[in-house]
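> one predicted model, sequence on top.
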Amino acid sequence: MVETRTTSVDATRALAAAIAELARPGDLLLLVGDLGAGKTAFAQGFGVGLGVDEPITSPTFALVQSYPGRLELHHLDVYRLDHLHEAIDLGLSELLDDESVTLIEWGDTITAALPRDYLEVRVRFADDPEERRIELCPVGPSWQPRQRALGVAVAEWIDDEGAPPC
């Protein structure tokens, strides 16, 4: 796990853009955290890092938004889903293809419907209202080998104080 800290929304976006530089076709990222913690801000920065030109907004009501960039970005929000089968009905298997990157807000609620190969991005509030602790937890074979590169990419935001494991 890589533990980071950001001190503003812009810093959260910058951290996400740095992580996007490591993105590969087929990557899956689960964005986890309380309401208002910064999951959508992370998605916005990640999109910038992929070269997405259009504004990225929360897909809470649309559920799925797709954006062209260096890699196509699928951005999902499963907060409003009541049942796991609703996530499957969104066409997850088609979205999780080899040519795009998928970010799922509240993704921890549907892990049973997902492959065990993703980067969990846990965004937590800190003491300062602008500050966030962001834990990056590689799960599975595609992100594990990139853990060292992940640490290098986010080195300026590394949190030496530590956080509980994800």
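That came in fine, so what should we check first? No experiment lies behind these values; they were computed from the predicted model shown.
> going forward, measure contacts and count neighbours with C-alpha atoms only.
Will do.
> any low-confidence regions in the protein?
Where the chain drops to pLDDT under 70, the residues are 59-62, 79-95, 161-166.
> those helices in it, which residues are they?
9-20, 39-49, 84-89, 92-95, 147-153 (DSSP state H).
> please identify the deepest-packed of these.
Of all those, helix 39-49 has the most neighbours on average by mean count of other Cα atoms under 10 Å, namely a mean of 25.
> tell me what that helix is packed against?
Where contact means 3 or more Cα pairs under 8 Å, 6 or more residues apart in numbering; DSSP states H and E, helix 39-49 is packed against helix 9-20, strand 28-33, strand 100-105.
> ok, residue 26 to residue 117 distance?
Distance of residue 26 to residue 117, given as Cα to Cα, to the nearest Å: 10 Å.
> re earlier: want to throw the helices and strands packed on helix 39-49 into a markdown table with distance to residue 122?
Below are these laid out as a markdown table (distance: least, Cα to Cα, whole Å):
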| stretch | distance to residue 122 |
| --- | --- |
| helix 9-20 | 12 |
| strand 28-33 | 5 |
| strand 100-105 | 10 |
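> looking at the ones you listed, which is nearest to residue 75?
Minimum separation from residue 75 across the helices and strands packed on helix 39-49 (Cα to Cα) falls at strand 100-105, 4.9 Å.
> identify the residues contacting that closest one?
The contact list for strand 100-105 (Cα atoms under 8 Å, 6 or more residues apart in numbering) reads 23-32, 39-40, 43, 71-79, 95-96.
> now the buried members of these.
For the contacts of strand 100-105, a burial check counting by 16 or more other Cα atoms under 10 Å picks out 23-32, 39-40, 43, 71-79, 95-96.
> residue 134 against residue 121, yeah?
Yes: the criterion here is Cα atoms under 8 Å, and residue 134 meets it with residue 121 at 6.6 Å.
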